[in-house]
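Participant: Build the 3D model from these lines:
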Amino acid sequence: MTGVGVFLLRHRRWLAGLLAALAGLVNRLTPLDLVQFSDLGRTVLAGRFDEAYAGTFTQAGPLQLVLSTVVLIGGHDGMPPALPRVLVDVALTLGAMAACGGKPIREGLVAVVTLLWLLGPVPWSGHPPEVLIPVLWAAAVASEERGRWWASGAALGVSALITPLAVLGYPCLLAATGPVRAARTMVAATGIAVLGYLPFVLSGRFGMFGHVWPVVPGTVPYQLGLHEMTWWARLGQAVVVAGGCALVAYLLRGRPVAMAAAPLTAALLRVATDPQQVDYYWLPVSVGTVLLIALLPEDFPAWRQVSTAVMGYLTMLAATTDHYMPGALLCSAGFLLAGVRLRSRSLSRPTAPVRSL
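Facilitator: Numbering: from 1, shown residues only. As a prediction, the model looks like this:
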């Protein structure tokens with residue numbers, strides 16, 4: 001390896017962090033809904049719970065409203081100031097590299113894919129707090145593997161306080177435990193989420209579930225003949241998304257890569273089946289993509305590691321097109337073929353014990 005290559009590997013995290021900071025500075029996107037969420041977050045902080053969900057507009061969780069207020073402090077014209085943009089971008093990049101377990105080449109691949117996402121729609125196209133959702137899902141799986149069901153439930157509950165649609169990723173717990181224990185943790189998570197929304201419900205003005213989404217042409221609901229979707233209609237979407245997440249989690253149970261594969265499946269299926277086509281839907285996809293590359297087994301052939309990284313780039317390209325549904329489905333299939341083995345005699349790390357109940 002040349003001296004330049006040695007230098008780049010030795011200082012890879014410093015260089016990646018610097019490039020991420022620059023990406024945060026040059027990204028001039030105005031996040032969708034951030035101003036409205038920030039205003040609503042102020043009502044939450046002021047204790048005016050009857051205002052945050054008075055109409056049907058607010059589909060974000062109370063935690064996202066508060067975080068939006070924090071992110072927008074010092075901003076103008078709906079754009080966050082430079083400091084949070086830089087801090088968030090650097091944290092996403094270095095956090096992704098840290099998940100690689102100190103493998104230099106893997107860290108390089110992850111850094112490149114992360115930086116490509118940061119130069120595109122992530123995380124400032126809208127709803128920036130939602131980048132935390134797949135991280136919380138993965139943390140829930142890791143905690144469940146260690147027998148800390150209470151921590152796992154807390155992570156899932158917090159994710160639902162960012163957006164209620166985060167419940168679609170709850171079945172990722174099947175990667176670490178059996179259905180009975182997973183159900184127990186899901187009940188605990190649901191209890192935490194209910195407590196978080198309860199003050200707004202008790203205020204007497206809670207219109208979240210009265211929202212109706214117009215169906216965009218080219219989406220799955222449009223192909224099914226729907227022109228609008230209510231929360232009741234979204235139950236069908238929930239079956240597909242949560243079912244796909246559960247299937248992947250079960251097939252890969254006990255393996256480190258499942259912590260990324262199951263959340264990524266839920267995120268991609270949500271994009272593929274949603275009645276809307278909005279850039280910020282790809283935020284959880286981006287994080288799941290990077291985590292999958294980071295957690296690939298060490299004995300994976302180099303060509304498969306590179307193929308998975310290329311799929312990460314193609315997923316980013318899919319996010320910039322108007323063909324969300326076919327793009328998300330093709331990326332789901334591509335990741336499974338390139339980066340996931342359903343059977344393996346040896347893994348880089350021992351297969352984690354799976355609790356059977």
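
Participant: When you work out contacts or count neighbours from here on, use the C-alpha atoms and nothing else.
Facilitator: Will do.

Participant: show me where the stretch 1-150 of the chain has strands.
Facilitator: In the stretch 1-150 of the chain, no strands are defined using DSSP state E, counting those that start in this stretch.

Participant: Next: the stretch 151-300 of the chain.
Facilitator: Under DSSP E, counting those that start in this stretch, the stretch 151-300 of the chain gives strands at 213-214, 228-229.

Participant: Please identify the most buried of those strands.
Facilitator: Mean neighbour count (mean count of other CA atoms under 10 Å) peaks for strand 228-229 among the strands of the stretch 151-300 of the chain, with a mean of 16.

Participant: Now tabulate the strands of the stretch 151-300 of the chain in JSON lines and tack on distance to Val135 and mean pLDDT.
Facilitator: Shown next, in JSON lines, are those (distance: least, CA to CA, whole Å; pLDDT from 0 to 100):
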{"stretch": "strand 213-214", "distance to Val135": "27", "mean pLDDT": "94"}
{"stretch": "strand 228-229", "distance to Val135": "28", "mean pLDDT": "93"}
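
Participant: Make TSV out of the ones you listed and add distance to Ala189.
Facilitator: Listed next are the strands of the stretch 151-300 of the chain as TSV, based on distance: least, CA to CA, whole Å:
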stretch	distance to Ala189
strand 213-214	27
strand 228-229	26
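
Participant: which sections of this structure are below the confidence cut-off?
Facilitator: Low-confidence segments of the chain (pLDDT under 70): 1-2, 4-5, 337-357.

Participant: Mind naming the longest helix for it?
Facilitator: helix 179-202 (DSSP state H).

Participant: what's the distance between that helix and the middle of its chain?
Facilitator: A distance of 20 Å separates the centroid of the chain from that of helix 179-202, by CA atoms, centre = their mean, to the nearest Å.

Participant: count of residues packed around Gly126?
Facilitator: Gly126 has 20 neighbouring residues, counting by other CA atoms under 10 Å.

Participant: Now do the contacts for it.
Facilitator: Thr30, Pro31, Leu32, Asp33, Leu34, Asp279, Tyr280 (CA atoms under 8 Å, 6 or more residues apart in numbering).

Participant: For Pro134, give me its contacts.
Facilitator: Ala260, Pro263, Leu264, Pro284, Val287, Gly288.

Participant: number of nearby residues for the fifth one?
Facilitator: Neighbouring residues of Val287 were enumerated by other CA under 10 Å; the total is 26.

Participant: just checking, it touches Pro128?
Facilitator: No. Here Val287 does not reach Pro128: they are 11.8 Å apart, not a contact under CA atoms under 8 Å.

Participant: any idea how far the residue most central in space within the chain lies from Val306?
Facilitator: Central residue of the chain (CA atoms, centre = their mean): Pro284, 2.3 Å from the mean position. As judged by CA to CA, to the nearest Å, Pro284 and Val306 stand 21 Å apart.

Participant: distance of Val241 from Thr219?
Facilitator: 15 Å.

Participant: just to revisit the earlier point, right, so of the strands of the stretch 151-300 of the chain, which gets closest to Tyr324?
Facilitator: strand 213-214 (16.0 Å; CA to CA).

Participant: Can you tell me which helices and strands the closest one packs against?
Facilitator: For strand 213-214, the packing partners by 3 or more CA pairs under 8 Å, 6 or more residues apart in numbering; DSSP states H and E come out as strand 228-229.

Participant: Direction included, what does the strand it packs on pair against?
Facilitator: strand 213-214 (antiparallel) (DSSP bridges).

Participant: Buried residues of stretch 175-195, list them for me.
Facilitator: 175-179, 181-183, 185-186, 188-190, 192-193 (16 or more other CA atoms under 10 Å).

Participant: same thing with stretch 223-237?
Facilitator: Applying 16+ other CA under 10 Å to stretch 223-237 flags Leu226, Met229, Arg234, Gln237 as buried.
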